[in-house]
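J.: Can you look at this prediction? I've put the sequence above it.
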Amino acid sequence: MLLVSSGCTQRAGDGPVGAPAEPLTPSTTIGPTSTGSRTDPTTTVTPRASAGPCTGFDDGERTGTIAAPQLTELSGLAVSRRNTGLVWTHNDEPDDNRLFGIRLDGSLAVTVAVEGAEFDDWEDIAVTGTGPDGELWLGDIGDNNAARASIRVHRLTEPTVSDDAHEQQMTTQVEETVLLRYPVRPHDAEALVVDTAAQQIVIITKERDGSAAQVFTADLRSPDRPPLITMVSSSALDIAGLTSRRDTSNPSIFANLVNLVTAADIDPQGDQVLVRTYGHAWLWSRSHQDQTVADMLGQVPCEAPTVLEIQGEAIAFDPSSGGYLTVAEGENPSLHQFSPRPPSGDPAILPSGRPIDGPQPKMPAPS
């Protein structure tokens, strides 16, 4: 069992939703990052100051308990774009190529058998598009031993689920499997982001030795992309350097655990990215429209509120509330919701300040 600390709460009413409490200036160093005798070329971003708390979110509330006995290894969340009130999730290893749809009260609405998908270690899920154009991306990216020659991301059309109160059973088919490999050596990873504006898959690694997490991207713009894509190393994400409250009860073990990256998500507008660890959650905001997710992660984020979740490995933006959801592994885990808390008299807004409307860009299908 992993023991983790809760993330700190934020101050309400100090500024726009998702803004840092104080301006922070990053210092950027371009150069290689070494791991033992192996080197991953990358851009390393080192904050000059610890990240401040995000403003405008509440401290979170439990919306329900997930009591289904088959849901004990949850390692990904994505709020449905097609089915109101439905949240997609999945187990990591071992499982049987299954996707689950749960309600905010924690009840299990649907179990979806995913055909055509290999299962090594599903660790995260992403959703793109809106309405009938919604797609799910399943990240088979876990690699505890850092030994896999390649990893996979499966793309499928988001299923439409009826409003039946009883648990449903469905079957769906993978439409595309994107095979990826790292440029130098294998990595373990549990965080997947699909950047539709840049048409990139973004993977953030989980480095158990305490080194900075690595950010890798795969370009999906060309329909003639190769069957196996070699990712590009974009940056190193120094989570430990962002931590505003140090965990010192066991610096050699405990502090490393709370900074391991376990999940990520991007908001529907592509303006903000959430990254969670076992002990914290961080929110990055786009500073200009041409910025990719990888560029965004090179800035200093604010620290989003979390609650104590033992082995928390899932986070997702919740467009219906303008906030986000988290959940942990284990039996009967609680689903937590963090909602905007605007200044008195101001209407609640989405974190990006923009509603979800209009079509979203889609990845080109391979030729």
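T.: Great, that's in hand.

J.: ends of stretch 277-291, how far apart?
T.: End-to-end distance for stretch 277-291: 24 Å, by CA to CA, to the nearest Å.

J.: And it, what's buried?
T.: Applying a neighbour-count criterion of 16 or more other CB atoms under 10 Å, the buried positions in stretch 277-291 are 277-286, 291. Where C-beta positions appear, they are placed from N, C-alpha and C, glycine not excepted.

J.: For the spatially most central residue of the chain, list the residues it contacts.
T.: The C-alpha lying nearest the average C-alpha coordinate of the chain belongs to residue 264 (CA atoms, centre = their mean; 1.4 Å). The contact partners of residue 264, by CB atoms under 8 Å, 6 or more residues apart in numbering, come to 124, 191-193, 202, 204, 273-276, 315.

J.: Pipe those into JSON lines and attach distance to residue 102, pLDDT and neighbour count per row.
T.: Below are these laid out as JSON lines (distance: CB to CB, whole Å; pLDDT from 0 to 100; neighbours: other CB atoms under 10 Å):
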{"residue": "124", "distance to residue 102": "16", "pLDDT": "98", "neighbour count": "32"}
{"residue": "191", "distance to residue 102": "21", "pLDDT": "98", "neighbour count": "29"}
{"residue": "192", "distance to residue 102": "19", "pLDDT": "98", "neighbour count": "27"}
{"residue": "193", "distance to residue 102": "22", "pLDDT": "98", "neighbour count": "27"}
{"residue": "202", "distance to residue 102": "25", "pLDDT": "98", "neighbour count": "25"}
{"residue": "204", "distance to residue 102": "24", "pLDDT": "98", "neighbour count": "30"}
{"residue": "273", "distance to residue 102": "23", "pLDDT": "97", "neighbour count": "25"}
{"residue": "274", "distance to residue 102": "19", "pLDDT": "98", "neighbour count": "25"}
{"residue": "275", "distance to residue 102": "22", "pLDDT": "97", "neighbour count": "26"}
{"residue": "276", "distance to residue 102": "18", "pLDDT": "96", "neighbour count": "27"}
{"residue": "315", "distance to residue 102": "15", "pLDDT": "98", "neighbour count": "27"}
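
J.: ok, the residues you listed vs residue 240, which is closest?
T.: residue 275 (13.2 Å; CB to CB).

J.: Would you confirm that that closest one contacts residue 263?
T.: Yes: here residue 275 reaches residue 263: they are 7.5 Å apart, a contact under CB atoms under 8 Å.
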